[in-house]
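Asks: Fold the following, please.
(one chain, ligands or ions: 1)
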Amino acid sequence: MNSCDDIRDLLSLAAAGALDPDADERVSRHAHDCAACAAELDNWQLLARGLRRLPTPQPAAGVVERARARAELAFGEEAEQRWNRNVLAFLIAFAWTLTVLSWPIVRILSGGFASWFTTRLTPTWYAFAGLTALGWVAGGIAAMVLAWHQRRERRLA
Ligand SMILES: [Zn+2]
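Replies: Alright, predicted model coming up:
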């Protein structure tokens, strides 16, 4: 026979529906014969029903929204930085391609193939170097303007 002490330990679990069928049956049988335990089981069941009726805790209003906005902002900044890097990489590659492609042309124009390997600094060489530097500076400015423009558009949006 189950003592009241043994059963009392199980009453809260029985009310919550957390007992295995054997133990549940034992509690039911004991509560059928024992008014004290039956009363306590009633109380536990009342409490369990009350707890089930309580609304599931929800995050305070706006917290989820703010977190999502922050995540989107961070993601947007990351995308912008990636885009800026891509633009810069493209401009650098473009400048290098331009430099490499235009070098032989300038050399041919300035003195033919024979002078390719000379280190003589002709006025044409200076002009070429100046144009190349100008191209790089223009590319850098273009990259900065593009980045600034994009950031402003994002802020206005
Ligand atoms: Zn009892």
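Asks: Which element, helix or strand, includes A79?
Replies: Assigned by DSSP states H and E, A79 falls within helix 63-111.
Asks: Next, the angle helix 63-111 makes with the helix or strand just after that helix.
Replies: The helix or strand immediately downstream of helix 63-111 is helix 123-156, counting by DSSP H and E. Counting by axes from the mean of the first three to the mean of the last three CA atoms, to 10 degrees, helix 123-156 lies at 170 degrees to helix 63-111.
Asks: Just checking the distance from stretch 131-151 to the centre of its chain.
Replies: Remark: stretch 131-151 is offset 30 Å from the chain centroid, using CA atoms, centre = their mean, to the nearest Å.
Asks: hey, C-alpha coordinates of it in PDB?
Replies: What follows is stretch 131-151 as a C-alpha-only set of coordinates in PDB (Å, rounded to 0.1, in the frame of the first residue of the first chain):
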ATOM      1  CA  LEU A 131      48.400  60.100 -67.500                       C
ATOM      2  CA  THR A 132      48.600  56.800 -65.600                       C
ATOM      3  CA  ALA A 133      48.800  58.600 -62.200                       C
ATOM      4  CA  LEU A 134      45.900  60.800 -63.300                       C
ATOM      5  CA  GLY A 135      43.900  57.700 -64.200                       C
ATOM      6  CA  TRP A 136      44.600  56.200 -60.700                       C
ATOM      7  CA  VAL A 137      43.600  59.400 -59.000                       C
ATOM      8  CA  ALA A 138      40.500  59.700 -61.100                       C
ATOM      9  CA  GLY A 139      39.600  56.100 -60.300                       C
ATOM     10  CA  GLY A 140      40.100  56.700 -56.600                       C
ATOM     11  CA  ILE A 141      37.900  59.800 -56.600                       C
ATOM     12  CA  ALA A 142      35.300  58.000 -58.600                       C
ATOM     13  CA  ALA A 143      35.200  55.200 -56.000                       C
ATOM     14  CA  MET A 144      34.900  57.700 -53.200                       C
ATOM     15  CA  VAL A 145      32.100  59.600 -54.900                       C
ATOM     16  CA  LEU A 146      30.300  56.400 -55.700                       C
ATOM     17  CA  ALA A 147      30.600  55.200 -52.100                       C
ATOM     18  CA  TRP A 148      29.400  58.500 -50.700                       C
ATOM     19  CA  HIS A 149      26.500  58.700 -53.100                       C
ATOM     20  CA  GLN A 150      25.400  55.200 -52.200                       C
ATOM     21  CA  ARG A 151      25.600  55.900 -48.500                       C
END
